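**Q** kindly return the folded structure for what I paste below:
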Amino acid sequence: METLKNKISIAEAWSVLQTVKDPEIPVLSIVDLGIVRAVKFEDESDKIEVVITPTYSGCPAMDVISMSIRMEFMNKGYTSIKISQQLSPPWTTDWMTDEGKQKLKEYGIAPPVNKVLDSQHLQNLCVPCPQCNSYDTHLVSEFGSTACKALFQCDDCKEPFDYFKCH
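**A** Okay, the predicted model is just below:
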């Protein structure tokens, strides 16, 4: 059997990772989300290492994401995979791709607009509605469908929507 290095390049590994979807927001790949920190060959072996950073410490989706990474590589015939979690530096929404932010909006989730560090600032944040693009919106709850999101409502089209909170 060929070694992994003879079968896959780092660029090809990134392409595989682009197919792994976030379990909570299935329109985003884990690459779009910015949680893949590195792809490298471990030492001089044929084992590829994928380094991921959770969106927040204790994120329940990380086990599913790790298994999805492993399964995607195995489906392509690569079995020598190591998945590591890196907590520092902590993940930030700045690591999301512009394409990922656009996919969020098209999915009906307002992408992060700027750094908001506390609930007082979140209440005063101008978040455009992903449905009608109106800035006439208001915070309903600091907590949306997942811990990463807040619930807003548009005062023009009256639609509620999740806002992906900045980190």
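**Q** state the mean pLDDT of the host helix or strand of Ser84.
**A** Assigned by DSSP states H and E, Ser84 belongs to strand 81-85. Here strand 81-85 scores 94 as its mean pLDDT.
**Q** just stretch 154-167 next, same as before
**A** 92.
**Q** just the buried positions in the strand holding Ser84, please.
**A** Using 16 or more other C-beta atoms under 10 Å as the test for burial, strand 81-85 gives Ile81, Ile83. Heads up, the C-betas are built off the backbone N, CA and C, glycines and all.
**Q** contacts for that strand next, please.
**A** With C-beta atoms under 8 Å, 6 or more residues apart in numbering as the test, strand 81-85 has contacts from 42, 47-54, 62, 66, 69-70, 73-74.
**Q** scan this structure for its longest helix.
**A** For the chain, the helix that runs over the most residues, judged by DSSP state H, is helix 62-75.
**Q** show residues contacting that helix.
**A** 13, 16-17, 19-23, 30, 35, 48, 50, 52, 54, 79, 81, 83, 85.
**Q** okay, that helix in PDB with CA atoms only?
**A** Extracted in PDB, the C-alpha atoms of helix 62-75 (Å, rounded to 0.1, in the frame of the first residue of the first chain):
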ATOM      1  CA  MET A  62     -16.300  19.100  18.300                       C
ATOM      2  CA  ASP A  63     -16.700  15.400  18.800                       C
ATOM      3  CA  VAL A  64     -19.000  15.200  15.700                       C
ATOM      4  CA  ILE A  65     -16.700  17.400  13.700                       C
ATOM      5  CA  SER A  66     -13.700  15.200  14.600                       C
ATOM      6  CA  MET A  67     -15.500  12.000  13.600                       C
ATOM      7  CA  SER A  68     -16.700  13.700  10.400                       C
ATOM      8  CA  ILE A  69     -13.100  14.600   9.500                       C
ATOM      9  CA  ARG A  70     -12.000  11.100  10.200                       C
ATOM     10  CA  MET A  71     -14.900   9.600   8.200                       C
ATOM     11  CA  GLU A  72     -14.300  11.900   5.200                       C
ATOM     12  CA  PHE A  73     -10.700  10.900   5.000                       C
ATOM     13  CA  MET A  74     -11.500   7.300   5.400                       C
ATOM     14  CA  ASN A  75     -14.100   7.500   2.600                       C
END
